[in-house]
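>>> Need a 3D model of the sequence below.
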Amino acid sequence: MKKKPLTYTGTIQPNPGIYYEPIQREIYPYTAEENLIEVVNLAIDLGMPLLLEGEPGCGKSRLAHALVYEFNYRKKNKPIKYYEWTVQSTSKAEESLYQYDYIGRLQAAQIKQSLRESSVTTTKTNDQDSSSIINQENSPQKASSTNQTEDKDNEINNKLSKDPANPKDWVNLQPLGKAFKQSQDYQEQSVVLIDEIDKADRDFPNDLLLAIESRCFFIKETEDNIQADRENFPLIIITSNQEKNLPNAFLRRCIYHYIEFPKQHRLIEILTKRFTDAEQEVIIEAVNRFMQVREAQEDNKPPGEKKVSTSELIFWFKSLSKYKPDIIKKKLKEKKIPHAGILLKSRDDLQEYGEV
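Now for the predicted structure:
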């Protein structure tokens with residue numbers, strides 16, 4: 001029987017602020033426009049990565065969390081797994097798949113060789129000798145703290161639990177590699193977030209594309225080929241803040257979507273879903289004041305310059321929520337924006353828009 005494909009509707013929402021184990025963090029309701037829901041389902045149907053661009057703070061990364069929550073709500077007996085990898089300026093595409101612990105393997109071989117040659121039989125002495133091999137240094141101090149000793153013991157035991165003669169013991173699969181392996185071994189889909197791809201160098205996206213397009217990768221140290229199941233390929237969400245232009249070859253193989261800044265009614269909806277105890281009138285007045293700042297910045301700032309974002313609106317309203325509703329309304333009517341430093345992140349912005 002053919003497995004029913006995943007589908008995203010955007011209608012299944014968590015209670016705001018619950019800790020959600022599959023993503024290892026708190027989760028909140030996510031408001032998705034119809035065109036975003038459509039492209040997510042296209043990415044699922046076609047097995048293509050979904051590239052999301054938009055201003056920082058517009059909710060690109062949180063879409064992946066919303067997907068995992070909705071998919072798992074329907075698949076309680078076999079939950080979807082979630083993997084996340086945040087790209088750094090020094091990241092290489094291979095690091096999203098696996099890393100090989102060359103140093104750990106060498107140290108384990110040295111430890112085992114030392115233990116064989118050692119004439120000291122007590123476990124304590126053996127552990128001390130092993131620690132010196134790992135760290136390549138012996139402290140002249142009397143003793144280290146209990147926690148440091150335990151950490152060293154755990155590190156030694158971890159290395160001794162692996163076989164230096166077996167290269168497979170030293171392969172550490174990374175987020176995308178784990179998703180491929182899960183697809184290969186268990187024929188299960190997962191959601192993978194590759195966050196801020198524009199931070200890496202220009203070759204990175206094309207190198208990453210090789211694995212995604214072929215749906216496999218090769219571990220040269222063990223000569224293993226990991227081939228994802230074509231019917232259960234991970235849903236890959238890639239985000240970019242547009243700090244760099246991405247290569248055309250990479251763009252051709254993605255489904256693209258730009259998350260626009262929400263309209264005013266959407267911002268009200270976002271705050272209403274997130275702050276369920278807040279008065280609607282307070283939310284509306286806060287969004288009105290926020291939009292005055294946003295519209296002033298859109299009129300005066302060139303494209304690409306930082307403007308107040310959705311995520312900053314959420315934090316700003318959270319800071320106001322500690323007051324009673326009548327006090328919030330009073331503060332919102334003041335000439336100076338309350339808690340302006342949450343919205344405006346430079347001296348020039350504070351001077352230019354702090355009293356909009």
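
>>> Which strands or helices does the one helix or strand residue 330 maps to pack on?
The secondary structure element spanning residue 330 is helix 325-333 (assigned by DSSP states H and E). Helix 325-333 is packed against helix 280-300, helix 310-320, with contacts defined by 3 or more CB pairs under 8 Å, 6 or more residues apart in numbering; DSSP states H and E. Where you see a C-beta, it was placed from the backbone N, CA and C, and this is true even at glycine.

>>> roughly how far out does the first one sit from the chain middle?
Distance of helix 280-300 from the chain centroid (CA atoms, centre = their mean, to the nearest Å) equals 29 Å.

>>> how about the CA coordinates for it, as CSV?
Taking only C-alpha atoms (Å, rounded to 0.1, in the frame of the first residue of the first chain), the coordinates of helix 280-300 have been written out as CSV:
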residue,chain,number,x,y,z
GLN,A,280,-7.6,42.9,21.3
GLU,A,281,-7.7,46.7,21.6
VAL,A,282,-4.2,46.8,23.1
ILE,A,283,-2.9,44.6,20.3
ILE,A,284,-4.4,46.8,17.6
GLU,A,285,-3.0,50.0,19.2
ALA,A,286,0.4,48.4,19.5
VAL,A,287,0.4,47.3,15.9
ASN,A,288,-0.7,50.7,14.8
ARG,A,289,2.2,52.4,16.6
PHE,A,290,4.6,49.8,15.2
MET,A,291,3.4,50.3,11.6
GLN,A,292,4.0,54.1,12.0
VAL,A,293,7.6,53.3,12.5
ARG,A,294,7.7,50.7,9.7
GLU,A,295,6.1,53.0,7.2
ALA,A,296,8.4,55.9,8.0
GLN,A,297,11.4,53.6,7.5
GLU,A,298,10.0,52.3,4.2
ASP,A,299,9.6,56.0,3.0
ASN,A,300,13.0,57.1,4.1
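
>>> most centrally placed residue in this protein?
In the chain, the C-alpha closest to the average C-alpha coordinate belongs to residue 84, at a distance of 4.4 Å (CA atoms, centre = their mean).

>>> Please state the backbone phi and psi of that residue?
Note on residue 84: its backbone torsions stand at phi -140, psi 140 [degrees, to the nearest 10].

>>> any idea how far it is from residue 324?
With distances defined as CB to CB, to the nearest Å, the gap from residue 84 to residue 324 amounts to 38 Å.

>>> Equivalent analysis for residue 182, please.
Residue 182 is 50 Å from residue 324, where distance means CB to CB.

>>> Neighbour count for these two, which is higher?
residue 182 (20 against 11; other CB atoms under 10 Å).

>>> tell me which element the more buried one is part of?
helix 175-186.

>>> Now do the strands in this protein.
Assignment of strands within the chain using DSSP state E yields the ranges 18-20, 25-27, 50-54, 81-86, 98-100, 171-173, 190-195, 216-219, 224-227, 235-240, 255-259.

>>> Mind giving me the packing neighbours of the last one?
Strand 255-259 sits against helix 34-46, strand 50-54, with contacts defined as 3+ CB pairs under 8 Å, 6+ apart.

>>> most packed of those?
With neighbours taken as mean count of other CB atoms under 10 Å, these reach their highest mean count in strand 50-54, at a mean of 22.

>>> Quick check: which helices or strands does that strand pack against?
For strand 50-54, the packing partners by 3+ CB pairs under 8 Å, 6+ apart come out as helix 34-46, helix 60-74, strand 235-240, strand 255-259.
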